[in-house]
Every structure is written in C-alpha cells, then in structure tokens.
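1. Below are the sequence and a predicted model; questions follow.
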2 protein chains.
Amino acid sequence: MGRLEIRPEEHAALVDGRPLSLTVRELQLLISLSQHPQRIMTREELFAEVWGGQPRDDDRSVDVYVSRLRAKLGEALPGRSLIHTHNGIGYRFSPDG
Amino acid sequence: MGRLEIRPEEHAALVDGRPLSLTVRELQLLISLSQHPQRIMTREELFAEVWGGQPRDDDRSVDVYVSRLRAKLGEALPGRSLIHTHNGIGYRFSPDG
DNA sequence: GCACCCGTGAAGATCCTGTGAACAGCAGGC
DNA sequence: GCCTGCTGTTCACAGGATCTTCACGGGTGC
C-alpha cells in the first residue's frame, strides 16, 4: 500500500499498481530524482538530465516541475513528502517520505 | 553509529547516512573546519574560506555560525562536542568529539 | 573587579522557493 | 482551415528560509 514504483522502460510511474498520469517532463524529472535516492541534486544536474544542456541563470523550470510533481504525488500518496527542498542547492528524493 | 560524514561535492553532511539539514553557510563552515582536523583555525582563516575576503574588525559571523552548527550537530550527535573554542584565537575541529 | 572575549536570541534585510496564470506550440477531430 | 485540449515555457507575486548584524549576558584570564 502507498507504494510507488517507477518503470522508466515503460514510461510509467505506478502507485499501488495504478499508473499516475504524468506528462513526459514530469516523468523524466521523477525518474532523474528517483535514480539518485537520498542524494541532493542541484538544479543544474536535474536540468541537464531532463532538459539537456544547462539552464539560463534565472531558469525556474525545475522548480515548476517539482511543484507539479509534488501535486500529483501528493494526490496519489497523501501525507508523504518524497521530494525535499535543500535551500540554495536543489532537491532530494527520499523514497520513504 | 554516531558517525559523521562530510561530502563537499554532494553538498551534504551525513550522520549515520542521514543528511543533516544545514544551510549553505553552515555546510561551508563545517567543511572548512573539518578539512583541517585538530588544527586551530583563526576567525580570519575561517571567514576567508567561507565568506571570502576578510572580516570587519568587529565581525561575529563566524561565532554565530559556529553556534548554529554546534546546535545542529549536537542534535544529531548528542554528547559529542566536535568544535572546540580556543579563546582569543579561533576554533578547532576534532572528529572524535 | 576589570577588561576582554564568546554564546546566542532576535530583528530586519535579503535571497530563494512555491505556485497560479498567461502564452505558445502541437496534435487530433471535424 | 478552424477549434479544442494538452503540454511546455516563462513570468510575477507572495510567502518562506537564510544571512547579517546587533545587543545582552555569561565566561575567562589577569
């Protein structure tokens, strides 16, 4: 119960077997984050993995997509916060909330 | 158990594998201190490494951040005092409490 | 006791993040 | 072609977190 499963090869993320309806970018971001659990990833790293290249100085894409991801994950897994903010650095994915 | 690990490249300080939630400055200071274990570092040295440049004559930033660091380390590692004050000089980091 | 030094709470300034909204591009259906 | 719905990108503002500085009280050494 309350279990998140990510299957990059199938372009799918499942919660209790039911697929989340994520957009391509959202899924890419979730995959990137989840492939480095407990590791703090900078915006630059995430941007490079999801968008490719490096972000503009004032780019907020990563933040916007983290926000959207959290919204969808929060709906499917209420009470758990999987993505943690590290102020001034980036984000960290923690499988166990 | 009770083991502190510092990974500058990952912007992280871990206690028993779990990341401490340090701010950027706190982490920088901890890194600076820990990179010279058992060595007494003056406020000027620490300030130069963390803030860059040299402090005003009456600057207390280093003290304030040492205090905050101690508070967070003390929470994660009760009973151990890793940062020692050397009166009139500065601070010293001692990995083994 | 005195002079100096240090620990630390608090306040304001500053910086960073969360997120709604606007807009553009694209694909499909008619 | 035109409309519709979805996605991606960017902007803007509000709220939150951090940084800096001050100020007071306690500590230290003479």
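-> Structure received.
2. Show me where chain A has its helices.
-> Secondary structure of chain A, counting by DSSP state H: helices at A:24-34, A:43-50, A:61-76.
3. Compare those helices and give me the one nearest residue B:91.
-> Ranking those by distance to residue B:91, with Cβ to Cβ as the measure, places helix A:43-50 first at 32.0 Å. C-beta here means a position set from N, CA and C on the backbone, and glycine is covered the same way.
4. For the helices of chain A, give me a markdown table that also has mean pLDDT, distance to residue B:5 and mean neighbour count.
-> Converted to a markdown table, the helices of chain A look like this (pLDDT from 0 to 100; distance: least, Cβ to Cβ, whole Å; neighbours: other Cβ atoms under 10 Å in any protein chain shown):
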| stretch | mean pLDDT | distance to residue B:5 | mean neighbour count |
| --- | --- | --- | --- |
| helix A:24-34 | 98 | 22 | 19 |
| helix A:43-50 | 98 | 20 | 18 |
| helix A:61-76 | 97 | 26 | 16 |
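5. Quick check: which of those is nearest to chain B?
-> Across these, chain B has its closest neighbour in helix A:43-50 (10.4 Å, Cβ to the nearest Cβ).
6. What parts of chain A come near DNA strand C?
-> Near DNA strand C, the residues belonging to chain A are A:60, A:63-64, A:66-67, A:70-71, A:85-90 when assessed by Cβ under 7 Å from any atom of the strand.
7. Can you pull the phi and psi angles for the residue of chain A most remote from its centre?
-> Here chain A reaches farthest from its C-alpha mean at residue A:57, the gap being 21.2 Å by Cα atoms, centre = their mean. Comment: the main-chain dihedrals of residue A:57 come out as phi -60, psi -40, following degrees, to the nearest 10.
8. Now do it, the pLDDT please.
-> Confidence at residue A:57, expressed as pLDDT, is 93.
9. hey, what's residue A:92 bridged with?
-> For residue A:92, the beta-bridge partners under DSSP bridges are residue A:40, residue A:84.
10. now it: how far from residue A:12?
-> 23 Å (Cβ to Cβ, to the nearest Å).
11. dump the residue contacts of the residue nearest in space to the middle of chain A.
-> Most central in chain A under Cα atoms, centre = their mean is residue A:30, positioned 3.0 Å from the mean C-alpha point. Residue A:30 is in contact with A:6, A:13, A:22, A:69, A:73, counting by Cβ atoms under 8 Å, 6 or more residues apart in numbering or on different chains.
12. can I assume the fourth one is in contact with residue A:27?
-> By that I understand residue A:69. No. At 9.0 Å, residue A:69 and residue A:27 do not qualify as touching, with contact defined as Cβ atoms under 8 Å.
13. tell me the phi and psi of residue A:55?
-> Here residue A:55 shows phi and psi, under degrees, to the nearest 10, equal to phi -70, psi 160.
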